[in-house]
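Engineer: Just a sequence and a predicted model for now, questions to come.
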Amino acid sequence: MKLNTKNFGEIEINEGDIIYFPEGLPAFEAINKFVLLGNMEEDTPFCWLQSVERGELAFVVVDPRAVKPDYEADVSDDDIKLLEIEGDSRVLIYSIVVIPEDISKMTANLQAPILINTRNNKAKQVVLQNSRYSIRHFIAEETGGGK
């Protein structure tokens, strides 16, 4: 399937790689289909969550454990049920990254991670019940880039 994107031009995606957000993302509730772009084997922990429905919409995402190694997502039973997470499910966790003009002030939203059940490609951005994480966690603080 061909997809026209703002950041990557025209790309070919496999329909089986489409991630479905039943509830969309906050502020983008009507947009339900995304794909992850970027080589997960490269040295960078970052990749793109690209909308299939709107080529101009894409988010930089990162595994929050790359930013905060002791990161834990305490997910509600309702979210587990919505995503159909079971004992054999493999769940990917990503945080949306904001990259300002001054890259040393780059932040990750650790309070509201995106969970992806790889067994059925269902996903949701969840708001964690605990308050130990910030929606604007400075990445440079953890990686030593801000020192």
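Structural biologist: Yep, it's here. Residues are numbered from 1 along each chain as shown.
Engineer: List the neighbours of stretch 133-140 that are in contact with it.
Structural biologist: Contacting residues not belonging to stretch 133-140 are listed as 62, 67-68, 71, 95, 97-98, 104-112, 145-147 [Cβ atoms under 8 Å, 6 or more residues apart in numbering]. In this view, the C-beta of every residue, glycine as well, is placed from N, C-alpha and C.
Engineer: Tell me which of the residues you listed fall in helices.
Structural biologist: If you go by DSSP state H, the contacts of stretch 133-140 have V67 in helices.
Engineer: Give the rounded mean pLDDT of stretch 77-86.
Structural biologist: Stretch 77-86 carries an average pLDDT of 93.
Engineer: Generate a ChimeraX selection restricted to the buried subset of the contacts of stretch 133-140.
Structural biologist: To isolate the buried ones among the contacts of stretch 133-140 in ChimeraX, judged by 16 or more other Cβ atoms under 10 Å, type:
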select :62,67,68,71,95,97,106,107,108,109,110,111,112
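Engineer: any idea how far E101 is from the most centrally placed residue in the chain?
Structural biologist: Nearest residue to the geometric centre of the chain (Cα atoms, centre = their mean): Y94, 3.6 Å. Y94 sits 23 Å away from E101, going by Cβ to Cβ, to the nearest Å.
Engineer: next one: N130
Structural biologist: To E101, N130 is 32 Å away according to Cβ to Cβ.
Engineer: Which of the two has more residues huddled nearby?
Structural biologist: Taking neighbours as other Cβ atoms under 10 Å, N130 and E101 compare with N130 leading, 9 against 5.
Engineer: If we ignore the residues flanking it in sequence, what's nearest that one?
Structural biologist: Closest residue in space to N130, ignoring its immediate chain neighbours: D74 at 5.5 Å, by Cβ to Cβ, 6 or more residues apart in numbering.
Engineer: what's the neighbour count on the one you found?
Structural biologist: For D74, the count of nearby residues is 10 (other Cβ under 10 Å).
Engineer: can you check F28 too?
Structural biologist: Per other Cβ under 10 Å, the neighbour tally for F28 reads 16.
Engineer: and what of L115?
Structural biologist: For L115, the neighbour count with other Cβ under 10 Å is 20.
Engineer: partner residues bridging it?
Structural biologist: Beta-bridge pairing for L115 (DSSP bridges): I93, K124.
Engineer: which secondary structure elements does the longest helix belonging to the chain contact?
Structural biologist: In terms of residue count, the longest helix belonging to the chain (DSSP H) is helix 77-83. On a contact count with 3 or more Cβ pairs under 8 Å, 6 or more residues apart in numbering; DSSP states H and E, helix 77-83 meets strand 114-117, strand 122-125.
Engineer: No more questions from me, cheers.
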